[in-house]
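just need the structure, nothing else, for what follows:
(one chain, ligands or ions: 1)
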Amino acid sequence: MASQDEVFKKLVAHCKEYGFVFPSSEIYDGLAAVYDYGQMGVELKNNIKKYWWDSMTLLHENVVGIDAAIFMHPTTWKASGHVDAFNDPLIDNKDSKKRYRADVLIEDYLAKYDEKIGKECDKAAKRFGENFDKEMYLKTNPRVLEYAKKRDDVHARFVKALEDNNLEELRQIIVDCEIVCPISGTKNWTEVRQFNLMFSTDMGSTADGATKIYLRPETAQGIFVNYLNVQKTGRMKIPFGICQIGKAFRNEIVARQFIFRMREFEQMEMQFFVRPGDEMKWFDYWKQFRLKWHKALGLGDEKYRFHDHDKLAHYANAATDIEFQMPFGFKEVEGIHSRTDFDLTSHEKYCGKNIKYFDPELNESYTPYVIETSIGVDRMFLSVLCSAYEEEQLEGGESRVVLHLPAVLAPVKVCIMPLVKKDGLPEKAREIMNDLKFDFRCAYDEKDSIGKRYRRQDAVGTPFCITVDHDTLNDGCVTIRHRDSMEQERVKIEELRGILSHAIDAKQLLKKLMD
Ligand code: GAP
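Numbering: from 1, shown residues only. Next up is the predicted model:
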């Protein structure tokens, strides 16, 4: 069986071969950690964005959207803390000349102890069978206890070093834990240094005195600086939310794992403005709602978990990640943060204007507290693809590569195929397509054998194929073939719209979120 690593490599190659994701400016050998979405990728991405946007704005009458500019007044980033505190602690290996995030090296080291404990449990579960009491085992087994103690000791040091911003101690942990460079295998490390992640550029010509501006590292600030505009013009009452989808830019030094960590990426963020004191109630609400949103897609409930932050960002008083089980481990896909009144208070200070909310029910003005949900479109895209990709062994020794994409997200919903390229079958197939194409994204394919055409659609995750044959001209029926089961059934042409609508119904998905 192929390892997770090999499967991931194949998935990356598949994304390129079938028009999902290309390296940026590939004819010039690409640009590190920057990617372009192809004809299939953009459809999948748009479907993810629509699912998110509708779940926020249709299901919550107190959530509205905006589309703010990428360039913002440079003081925005001073006020938000990004100029001073948006840093990664970096360390270099002197032998391989590779650069790493010191915190990620330590987190990976800690995760290895969890893996070891997991393996001990699996072995014991096999040995003891039905009588296995996992909780008791975790509390009493000497080897597990030893692993847990080592992990907890390092973890405590790690958290303290992050809290104190103690770079020397971070390095010392790496040295003490004997963490080696994955490339050179040596422990020959440099000091740990802070590195600001914002890209900057100049606005205006130098002669006029150009202003240094930043490419936004998060979309959230576009919402904060507009919150009063939206509140007043939309007559919004607290609690209310503003959401936005847009590009963000970070000069990631350790850019790894394909589109997981990019330098230009897209975020779907929402800021939810609440009364001070109500923030934990809403933090819990959005945590649960966002997890439901993920699970409703049916990628597998066991692939998600919450991970509370060890080190809170400079603006937060509570934060958790929703992690997804990627082939390279559980990784953050979304962050849910209680950002307090940090951003608004700071903007008020820097701009010198009153941006408080007047609460008519309390008859008083205050600075709202904010709960943020922030998900990366690209990471979501990757999680969907990772769970969808399968190299399936079929009966008779054959195999196929299939993307089991949730039907609502699939780039193409249905492919219409005449059995042969003659006898009026292409015309009939076109007629069916012309009728369906206003409701569903359709493809048309008349080249090669039907088997090959099915495989092409499986590879891009098309949930349905419709074949028009000679009988169709007489009985008005077609064969509909289901991607996952590969089952085929004969149905009347008039029934097609109903069958497809039922299977690809975004409404049903949204309704699940209201249960
Ligand atoms: N406004 C809060 C914020 O930006 P974050 O945890 O830094 O919080 C939120 O980012 C989400 O954006 C992450 O959970 C991830 O999905 C996505 N993201 C962050 N950096 C990314 C990168 N370099 N490449 C791709 N996605 C990224």
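
what's the nearest residue to E489 if we skip its chain neighbours?
Residue nearest to E489 in three dimensions, not counting chain neighbours: I480, with 5.8 Å by C-beta to C-beta, 6 or more residues apart in numbering. Every residue, glycine included, has its C-beta placed from N, CA and C.

what strands flank the helix or strand hosting that neighbour, and is each parallel or antiparallel?
Assigned by DSSP states H and E, I480 belongs to strand 477-482. Using DSSP bridges, the strands paired with strand 477-482 are strand 464-468 (antiparallel), strand 488-492 (antiparallel).

now distance to S346 and mean neighbour count too, for the ones you listed, in CSV please.
Shown next, in CSV, are those (distance: least, C-beta to C-beta, whole Å; neighbours: other C-beta atoms under 10 Å):
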stretch, distance to S346, mean neighbour count
strand 464-468, 52, 24
strand 488-492, 61, 12
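
keeping just the C-alphas, turn stretch 222-237 into PDB.
Extracted in PDB, the C-alpha atoms of stretch 222-237 (Å, rounded to 0.1, in the frame of the first residue of the first chain):
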ATOM      1  CA  GLY A 222     -11.000  45.800   6.300                       C
ATOM      2  CA  ILE A 223     -14.000  44.800   8.400                       C
ATOM      3  CA  PHE A 224     -12.900  46.600  11.600                       C
ATOM      4  CA  VAL A 225     -12.300  49.900   9.900                       C
ATOM      5  CA  ASN A 226     -15.700  49.600   8.200                       C
ATOM      6  CA  TYR A 227     -17.800  48.300  11.100                       C
ATOM      7  CA  LEU A 228     -19.400  51.600  12.000                       C
ATOM      8  CA  ASN A 229     -20.100  52.400   8.300                       C
ATOM      9  CA  VAL A 230     -22.000  49.100   8.000                       C
ATOM     10  CA  GLN A 231     -23.700  49.400  11.400                       C
ATOM     11  CA  LYS A 232     -25.000  52.800  10.600                       C
ATOM     12  CA  THR A 233     -26.000  52.400   6.900                       C
ATOM     13  CA  GLY A 234     -27.400  48.900   7.500                       C
ATOM     14  CA  ARG A 235     -29.000  49.900  10.800                       C
ATOM     15  CA  MET A 236     -27.500  46.900  12.400                       C
ATOM     16  CA  LYS A 237     -28.000  46.200  16.100                       C
END
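
let me know whether it sits next to the ligand.
No: Stretch 222-237 lies out of reach of the ligand by C-beta under 6 Å from any ligand atom, never closer than 9.3 Å.

Provide the contact partners of the helix or strand hosting E391 at residue level.
Using DSSP H and E, the secondary-structure element containing E391 is strand 389-393. With C-beta atoms under 8 Å, 6 or more residues apart in numbering as the test, strand 389-393 has contacts from 2, 7, 10-11, 14, 399-404.

near the ligand, which residues of this structure? Just list them.
218, 220, 250, 252, 261-262, 265, 267, 269, 332-335, 372, 374-376, 378-379.

filter the residues you listed down to just the ones in strands.
265, 267, 269, 332-335, 372, 374-376 (DSSP state E).

re earlier: quick one, which of the residues of the chain next to the ligand are buried?
For the residues of the chain next to the ligand, a burial check counting by 16 or more other C-beta atoms under 10 Å picks out 218, 220, 250, 252, 261-262, 265, 267, 269, 332-335, 372, 374-376, 378-379.

quickly find the element holding L344.
L344 belongs to helix 342-351, assigned by DSSP H and E.

for burial, what's the neighbour tally of the closest residue in space to K295 that isn't next to it in sequence?
In this structure, K295 finds its nearest non-sequential neighbour in D301, 5.3 Å apart by C-beta to C-beta, 6+ apart. For D301, the count of nearby residues is 9 (other C-beta atoms under 10 Å).

same thing with Y454?
Using other C-beta under 10 Å, Y454 has 22 other residues around it.

can you start the count at 10 instead of 1 from here on
All set: I'll call the first residue 10, so the last point we hit is now Y463.

please name the bridge partners of whichever residue of the chain sits closest to the ligand.
The minimum distance from the chain to the ligand, using C-beta to the nearest ligand atom, falls at G385 (2.5 Å). With DSSP bridges applied, G385 shows beta-bridge pairing to Q276.

list the contacts for it?
So G385 contacts 274-277, 342-343 (C-beta under 8 Å, 6+ apart).

quick check, nearest of the residues you listed to V239?
V239 lies nearest to M277 out of the contacts of G385, by C-beta to C-beta, at 17.2 Å.

correct me, but the closest one touches W61?
Yes: using C-beta atoms under 8 Å, M277 makes contact with W61 at a distance of 4.8 Å.

what do the two both touch?
254, 384.

which pair in the ones in strands among the residues of the chain next to the ligand spans the largest distance?
The widest separation within these (C-beta to C-beta) is 16.8 Å, between F274 and E381.

max-length helix in the chain?
Scanning the chain for the longest helix, with DSSP state H as the assignment, gives helix 111-137.

off-centre distance for it?
25 Å (C-alpha atoms, centre = their mean, to the nearest Å).

tell me which other helices or strands the helix or strand just after that helix touches.
Tracing the chain past helix 111-137, the next element assigned as helix or strand by DSSP H and E is helix 143-149. On a contact count with 3 or more C-beta pairs under 8 Å, 6 or more residues apart in numbering; DSSP states H and E, helix 143-149 meets helix 111-137, helix 151-172.

how about CSV for those, with mean pLDDT and mean neighbour count added?
Output for the helices and strands packed on helix 143-149, formatted as CSV (pLDDT from 0 to 100; neighbours: other C-beta atoms under 10 Å):
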stretch, mean pLDDT, mean neighbour count
helix 111-137, 91, 15
helix 151-172, 93, 15
